[in-house]
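*Asks:* Next come a sequence and a model predicted from it.
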Amino acid sequence: DAKTTQPTSMDCAEGRAANLPCNHSTISGNEYVYWYRQIHSQGPQYIIHGLKNNETNEMASLIITEDRKSSTLILPHATLRDTAVYYCIVTLASNFGNEKLTFGTGTRLTIIP
Amino acid sequence: NAGVTQTPKFRVLKTGQSMTLLCAQDMNHEYMYWYRQDPGMGLRLIHYSVGEGTTAKGEVPDGYNVSRLKKQNFLLGLESAAPSQTSVYFCASSRDYRGNEQFFGPGTRLTVL
């Protein structure tokens, strides 16, 4: 699986859009980009994933560059409840399934009132 | 739906004692996983299962055993606990290889003295 690089921490004002970057320059053609977040002391929560097209759901948007070497998770209107550690994960879809997610240390996002 | 539940929530063991952590899911998911999370680190996969009666090793399997006798349950055993196994343990499940959205339990905080 490709390695990812994320900033250690970020701040964002409440109500503004939070843009979390992730570099995955060694990503291969059949690897997906997944985003999870972990609110303090809770289990991780799935946010969104994509292959090469931009994706949007009720929680966030995922923008993947054309060369797929980086991506940005966008929380459009951040609230205090979005304060969490955000993990960018690149994983291969194998014949047996995506059995393993490799969680790095992620980005600690703090929403400022 | 309760989702993924873990029992117990907290436990303190003495070195050499044994215990079993129980994970249960009511979503009829094929895949189940056990992770551990240590302070300042991301999650690391211990063992996983791709279906009832199957198990496989993850990134850090030493000192742990698992069993998947029923589809809805995934047990993690520590035969002889060591202080290095002090950690927060998370269980997760996912539907199948077509989507790697993993649903996580609330975690078990284990301390080995």
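*Replies:* Yep, that arrived. Residues are numbered from 1 along each chain as shown, chains lettered A, B, ... in the order given.
*Asks:* And the residue minimising distance to the centre of chain B, how close does it get to chain A?
*Replies:* Using CA atoms, centre = their mean, the residue of chain B that lies closest to the mean C-alpha position is residue B:34, 2.9 Å off. Shown here: residue B:34 relative to chain A, a distance of 12 Å by CB to the nearest CB, to the nearest Å. (C-beta placed from N, C-alpha, C; glycine too.)
*Asks:* for chain A, what are the nearby residues on chain B?
*Replies:* By the rule CB under 8 Å from any CB of the partner chain, the part of chain B lying against chain A is B:4, B:31, B:33, B:35, B:40-45, B:48, B:50, B:56, B:58-59, B:90, B:92, B:94, B:96-98, B:100-107.
*Asks:* Take the residues you listed and keep only those in strands.
*Replies:* B:4, B:31, B:33, B:35, B:43-45, B:48, B:56, B:90, B:92, B:94, B:103-104 (DSSP state E).
*Asks:* Got a PyMOL select line for the buried ones in those?
*Replies:* The PyMOL selection below is limited to those of these classed as buried (16 or more other CB atoms under 10 Å in any protein chain shown):
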select buried, chain B and resi 4+31+33+35+43+44+45+48+90+92+94+103+104
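*Asks:* of all the ones in strands among the residues of chain B next to chain A, which comes closest to residue A:44?
*Replies:* Using CB to CB, residue B:104 is the member of those that sits closest to residue A:44, with 5.1 Å.
*Asks:* Go ahead and confirm that closest one touches residue B:88.
*Replies:* No - Residue B:104 is not in contact with residue B:88 according to CB atoms under 8 Å; the separation is 11.3 Å.
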